[in-house]
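Novice: Sequence and computational prediction follow.
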Amino acid sequence: MNFEKHIKNNKLRIIVKPNCPKNRIVKWDENRKALRVEISEKPDKNKANIEIIKFFSRLTGKKVKILRGLTSKRKVLYFTKY
């Protein structure tokens with residue numbers, strides 16, 4: 001899936017489902033204007049957030065930060081060059 005077309009002003013809204021079998025992008029949720037993502041890590045001790053950052057860094061080749069939603073399933077990611 002080409003999710004990069006949904007990145008606006010270096011920001012991407014995602015909805016995370018933690019504790020899944022593998023990391024993957026599920027689909028674009030048109031109603032919420034966010035990318036649905038499954039992450040293998042549990043949400044304990046920030047593990048899922050760290051995995052999200054690693055996952056999107058590998059996919060895009062860019063540095064990723066979580067701007068909003070550190071304790072929520074809904075997050076806003078920010079992408080910058082390395």
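Specialist: Yes, it's here.
Novice: May I have the helix or strand hosting S57 exported as CSV, CA atoms only?
Specialist: Assigned by DSSP states H and E, S57 belongs to helix 47-60. The C-alpha trace of helix 47-60 is given here as CSV (Å, rounded to 0.1, in the frame of the first residue of the first chain):
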residue,chain,number,x,y,z
LYS,A,47,7.1,-0.8,23.6
ALA,A,48,4.4,-0.3,21.0
ASN,A,49,5.4,3.3,20.4
ILE,A,50,9.0,2.4,20.0
GLU,A,51,8.0,-0.3,17.5
ILE,A,52,5.8,2.2,15.6
ILE,A,53,8.8,4.5,15.2
LYS,A,54,11.1,1.7,14.0
PHE,A,55,8.5,0.3,11.6
PHE,A,56,7.8,3.7,9.9
SER,A,57,11.5,4.6,9.9
ARG,A,58,12.3,1.4,8.0
LEU,A,59,9.4,2.0,5.5
THR,A,60,10.2,5.6,4.7
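Novice: what about this protein, any weak spots by pLDDT?
Specialist: 82 (pLDDT under 70).
Novice: could you dump the helix or strand hosting L77 to PDB, C-alpha only?
Specialist: If you go by DSSP H and E, L77 is part of strand 74-80. Coordinates of each C-alpha in strand 74-80 appear next as PDB, following Å, rounded to 0.1, in the frame of the first residue of the first chain:
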ATOM      1  CA  ARG A  74      -4.800   7.400  17.700                       C
ATOM      2  CA  LYS A  75      -1.500   9.000  17.000                       C
ATOM      3  CA  VAL A  76       0.100  11.700  14.800                       C
ATOM      4  CA  LEU A  77       3.500  10.900  13.400                       C
ATOM      5  CA  TYR A  78       6.000  13.500  12.100                       C
ATOM      6  CA  PHE A  79       8.600  12.600   9.500                       C
ATOM      7  CA  THR A  80      12.000  14.400   9.000                       C
END
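Novice: Done for today, thanks.
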